[in-house]
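*Asks:* just the structure for this:
(chains A and B)
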Amino acid sequence: MKSSLHSQNVNRRRYAIPLFLLAAILLTAIGAVDASAESQAEVAAFYKGKNLNFIVPYKPGGGYDTYSRILRPYLEKHTGARVVVRNVPGAGGLLGVNETYTTSANGLTIGIQNAVASVTNQMSEIEGVRYDFTKFSWVGRMATNVRALAVRKGSSYKTIQDLINAKEKVKMGATGLGGSTYVDAVITMKALGFPAEIIHGYDSSKEMDMGMLRGEIEILWGSYSSRRKMVKAGEQFIILQSGKKRSSDLPDTPTWFEVAPSEHAKKILTVLTAMHETGRPIAGPPGIPGDRLQFLREAFYKAMHDPDFLKDAKKAKRVLSYLSGEEMEQLAKESMIIEDENIKQMFIDAIKGSI
Amino acid sequence: MNVLDGLLQGFTAAVSWEVIPYLIGGATLGLIIGVIPGLGGHFAMAMLIPFVFRMDATTGVTFILAAHAAVAQGGGLTAILFATPGTGQNAATLLDGPAMTEKGEAGRAVGAAMTACFLGALFGAVVLTVLLPILRRVVLLFGPPEFFMLAVLALTFIAVLGTKGAINKGLIGGALGLLFSFVGAGNVTGERRFTFGLLELWDGLSMVPVLLGIFAVSEMLDLWIQGGALARKEKGHDARSVQKQIFNGVFTTLRRWWLVIRCSSIGTTLGLIPGLGSAPAAFLAYAHAKQTSKTPEKFGTGTIEGVIAPESANDAVEGGALASTLAFGIPGSSSMAILITALIIMGVEPGPEMMTFHLDLVFLMIWTVILGNFVGTILGILVANPLARITFMRGSILVPILLTVILTGSFVVHSSWFDMIVALLFGMLGYVMKKLDYSRPAFIIGFVLGLMVERNLFLSLQLYGTRFIFEPLALTLMVIAILVLVYNVHKLVRTS
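*Replies:* Now for the predicted structure:
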């Protein structure tokens, strides 16, 4: 699991496990374990053989779906429930996330979500948001994505400095307005101050890859995992990455903080980094009974650390970055706060596509 | 490893004793999934992904690709016999398939469809093999300007789809389809069009429930209102005559080899367009067959060409869709995206290096498309006989059963009640269109191509401005589109 983890998560995680163990030992020592063990057994009996619905807010076959289907058998193993993956696509994932939030809080329905989209949707107050991102019952996080700025092979822009010094506008691909490729493009363009013309409307990152191969577009933002293949094939190379510290996968590529020209730019990028940090979390509706949520969190912890699961994820080339439910709860709250009003407005404009 | 070695190794791998059970198992599963309305090839593949974790690349690829390959046969069977398409790719078969069943020629139609499926897949695979050395350049020929022009060319076919020669009814059908394609968040501006405050409409109307509604639900309504059975003629009841018909259908298709080749090349070309799927290819092949037929008035009344054309095109699409998958590791369809996920799980990195280091696997895939389809065809022919006899059941018994299956099919794809309602509403629209002779194929072509035209036009304009029409291939396609239009208008003026 030494994959592209943000270093601060590594730290969080490093402390999380010992703390968890310590707490468990303390509880045993005090003897409070009798009561809790009893209720633990009750909760386990509650889940045994029941259907645990797992909502994926996208169609089968995508990244979120693949993550969920790899996790499914291990979640079954550690909850004792029958995990039913349900694809609920629609409104760019909003429909499924809404359902996860508004469903009965009996602990039998949880779902994965694209947290960046959830945050931006709520922040820009688009109609149709029926959730409060900070109030989900967080089970934990499966992964975060390192974002990478890719340049096509044969481009005259070899480094981020070339790009910043560019004389004319560089063609930069993006999918729909307000999508993460678009928001990243607009925000980094503003923060780092390079001239770009955003060509948006591509259907998917795959179509943009083809566009790069044909030479229509020079650069694009994408998750590192989606770039990996083209980079390996020598068709694209990465000149910039997201985050505060360099990922272990990209040790020679500067982060956006390293090239930020001003304190203001750093402030903007801090917000963007926090958003990407939320990644691919799993949550249920608010108000899941405490002991059941605790049970789900522990089962998720065990599933995410199951050696067979790790093997499967590695086989599918899926980068993992576990975060506990408690930590995710904190992160969700932090990601919704933008103190600077101007920066907040800038993000809202970027999400709405009015920049 | 040279091409010939790869070709041989791929074949020996595909027919080895370890792999054959997976080939047959996969194809059988695909056939079953194809029979269930709404569930398509990419569903079959997504379902099998958890199994490939414990497989090696050879068996895994064969298993899921064979399942994917045989889906078209399953869908073709039900389209002909029960007027219920498996998925979009079989919708065009509904134009003449059920009409043949009604005339008591179900066996002949099934024989023709199964053979056409196999021949189409074979054609796509052969073209892919021939193009392998220059695959990368061929795939890169097509960018937004070319996709735009290809879609415009496809739209011109609407002109020939007016039922009974009524060009205006074809155009109205097409325009209605275009209008419905614009429902949802616009790809260009992101603004929401015709969504009426319903979140369910943001991503647009899904194709499967619309297709099932327009073609299948409407047929059920018609059958219910008219009474009787799906097959109305008395003859052709017994197993032996159905068997005879099946062979007749097989040989008729073989004799129409030139039509099969033309329709297959339409399928393979459209397969190059990312995300288009095989439904429009099938409709275009149908339109092409009608346009070039000496007896176009027979189309829609149960002519065998009307079955051969779409069924050969819909399986030829795979050859084109595999092209960008193999050349660059960039999937040409949602099914291919799942295939790539599976390949990665099994430790093979799809893309250019695959052509260098895993040529045997490339050919294994091509062979699986061929052999999977072959198995699907044989199985399809085997089950056709018992199934064909169900069509003689009374409508009052059959309609409730089939309608339940159809509506369940529209529900399960996204487990959405909304999709079920969509299927019902479009069923009513389809019934009205059928009764008043508005062209339903034209509707579907408009519906499927609308967003593609819009998106690629917008991208082309952003990238090249209006001079995008002078890109060589785009210009060629535009000239062809104009010629097709002129030819049709000329024909129309002459006949009226």
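
*Asks:* contacts and neighbour counts: CA atoms only from here.
*Replies:* OK.

*Asks:* and B:L221, that one's in a helix?
*Replies:* Yes - B:L221: assigned to a helix according to DSSP: H, G, I helix; E, B strand; the rest coil.

*Asks:* surely A:P286 and A:A105 touch.
*Replies:* Yes - counting by CA atoms under 8 Å, A:P286 touches A:A105, with 6.6 Å between them.

*Asks:* the two - which one has more neighbours?
*Replies:* Higher neighbour count among A:P286 and A:A105: A:P286, with 22 against 17, using other CA atoms under 10 Å in any protein chain shown.

*Asks:* is that one in a helix, a strand, or coil?
*Replies:* A:P286 is classified as coil under three-state DSSP.

*Asks:* for it, grab phi and psi.
*Replies:* Main-chain dihedrals, A:P286, degrees, to the nearest 10: phi -60, psi 150.

*Asks:* how close does it get to chain B?
*Replies:* Separation of A:P286 from chain B (CA to the nearest CA, to the nearest Å) stands at 22 Å.

*Asks:* please apply the same query to A:I219.
*Replies:* 14 Å.

*Asks:* tell me the residues of the stretch 251-400 of chain B that contact chain A?
*Replies:* Residues of the stretch 251-400 of chain B that fall close to chain A, judged by CA under 8 Å from any CA of the partner chain: B:274, B:330-331, B:334, B:337-338, B:341-342, B:344-347, B:349, B:351-353.

*Asks:* from those residues, which land in strands?
*Replies:* In strands, judged by DSSP state E, none of those are found.

*Asks:* just the buried members of those?
*Replies:* B:274, B:330-331, B:334, B:337-338, B:341-342, B:344-346, B:349, B:351-353 (16 or more other CA atoms under 10 Å in any protein chain shown).

*Asks:* which of these sits closest to B:R136?
*Replies:* Comparing those against B:R136 with CA to CA places B:P352 closest, at 8.8 Å.

*Asks:* for the residue in the stretch 251-355 of chain A positioned nearest to chain B, list the residues it contacts.
*Replies:* In the stretch 251-355 of chain A, the residue that lies nearest chain B is A:A316 (4.2 Å; CA to the nearest CA). Going by CA atoms under 8 Å, 6 or more residues apart in numbering or on different chains, A:A316 touches B:341-342, B:344-346.

*Asks:* repeat that for A:V271.
*Replies:* A:335, A:338.

*Asks:* now do the one 4 residues further on
*Replies:* The contact partners of A:M275, by CA under 8 Å, 6+ apart, come to A:115-116, A:119, A:335.

*Asks:* sorry, back to before: with pLDDT and distance to A:K244 as new columns, can the contacts of A:A316 be given to me in TSV?
*Replies:* Shown next, in TSV, are the contacts of A:A316 (pLDDT from 0 to 100; distance: CA to CA, whole Å):
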residue	pLDDT	distance to A:K244
B:T341	80	30
B:A342	84	33
B:I344	80	30
B:I345	81	31
B:M346	82	34
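
*Asks:* restricted to helices, list these.
*Replies:* Judged by DSSP state H, the contacts of A:A316 include B:341-342, B:344-345 as members of helices.

*Asks:* of those, closest to chain A?
*Replies:* Closest to chain A, out of all of the ones in helices among the contacts of A:A316 and judged by CA to the nearest CA, is B:I345, at 4.2 Å.

*Asks:* was I right about the closest one contacting B:F53?
*Replies:* Yes - the criterion here is CA under 8 Å, and B:I345 meets it with B:F53 at 6.4 Å.

*Asks:* okay, and the common contacts of those two?
*Replies:* A:312, A:315.

*Asks:* I'd like the next helix or strand past the helix or strand B:A99 falls within.
*Replies:* Assigned by DSSP states H and E, B:A99 falls within helix B:97-102. As assigned by DSSP H and E, the chain's next helix or strand after helix B:97-102 is helix B:106-131.

*Asks:* and the average pLDDT for that next one is what?
*Replies:* Averaging pLDDT along helix B:106-131 yields 92.

*Asks:* what of stretch B:248-255?
*Replies:* pLDDT averaged over stretch B:248-255 gives 93.

*Asks:* not counting its own residues, what contacts that stretch?
*Replies:* Residues beyond stretch B:248-255 that count as contacts (CA under 8 Å, 6+ apart) turn out to be B:107-116, B:260, B:308.

*Asks:* which residue does the stretch 51-200 of chain A bring closest to chain B?
*Replies:* A:A91 (4.7 Å).

*Asks:* contacting residues around that residue?
*Replies:* B:199-203.

*Asks:* can you rerun that using 6 Å?
*Replies:* Going by CA atoms under 6 Å, 6 or more residues apart in numbering or on different chains, A:A91 touches B:199, B:202-203.

*Asks:* want to try CSV for those residues, with pLDDT, secondary structure and distance to chain A as columns?
*Replies:* Listed next are the contacts of A:A91 as CSV, based on pLDDT from 0 to 100; DSSP: H, G, I helix; E, B strand; the rest coil; distance: CA to the nearest CA, whole Å:
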residue, pLDDT, secondary structure, distance to chain A
B:L199, 82, helix, 6
B:W202, 84, coil, 5
B:D203, 82, coil, 5
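
*Asks:* quick check, A:R86 in a strand?
*Replies:* Yes - note on A:R86: a strand contains this position according to three-state DSSP.

*Asks:* now for it, how many residues are close by?
*Replies:* 21.

*Asks:* which among the contacts of A:M275 end up buried?
*Replies:* Counted by 16+ other CA under 10 Å, the contacts of A:M275 give A:115-116, A:119, A:335 as buried.

*Asks:* wasn't B:S265 part of a helix?
*Replies:* Yes - counting by three-state DSSP, B:S265 is found in a helix.

*Asks:* flag every residue of the stretch 251-355 of chain A that's near chain B.
*Replies:* A:315-316 (CA under 6 Å from any CA of the partner chain).

*Asks:* for the stretch 251-355 of chain A, give me the ranges with low pLDDT.
*Replies:* Residue ranges of the stretch 251-355 of chain A with pLDDT under 70: A:355.

*Asks:* make it 80
*Replies:* Scanning the stretch 251-355 of chain A for pLDDT under 80 picks out A:353-355.

*Asks:* also chain A?
*Replies:* For chain A, the ranges with pLDDT under 80 are A:1-40, A:59-62, A:91-92, A:127, A:145, A:176-179, A:203-204, A:353-355.

*Asks:* also the stretch 201-350 of chain B?
*Replies:* For the stretch 201-350 of chain B (pLDDT under 80), the answer is B:227-239, B:273-277, B:324, B:329-335, B:337, B:347, B:349-350.

*Asks:* can you give me the helices in the stretch 51-200 of chain B?
*Replies:* B:57-82, B:97-102, B:106-131, B:135-140, B:144-156, B:167-181 (DSSP state H, counting those that start in this stretch).

*Asks:* sorry, wrong one. I was asking about the stretch 51-200 of chain A.
*Replies:* Using DSSP H, counting those that start in this stretch, helices in the stretch 51-200 of chain A cover A:63-79, A:94-102, A:115-123, A:160-164, A:180-192.

*Asks:* would you turn these into a markdown table with distance to chain B?
*Replies:* Output for these, formatted as a markdown table (distance: least, CA to the nearest CA, whole Å):
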| stretch | distance to chain B |
| --- | --- |
| helix A:63-79 | 7 |
| helix A:94-102 | 7 |
| helix A:115-123 | 13 |
| helix A:160-164 | 19 |
| helix A:180-192 | 12 |
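
*Asks:* will you turn those into JSON lines that also has distance to A:K153?
*Replies:* Listed next are the helices of the stretch 51-200 of chain A as JSON lines, based on distance: least, CA to CA, whole Å:
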{"stretch": "helix A:63-79", "distance to A:K153": "26"}
{"stretch": "helix A:94-102", "distance to A:K153": "36"}
{"stretch": "helix A:115-123", "distance to A:K153": "29"}
{"stretch": "helix A:160-164", "distance to A:K153": "15"}
{"stretch": "helix A:180-192", "distance to A:K153": "19"}
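
*Asks:* nice, that's everything, thank you.
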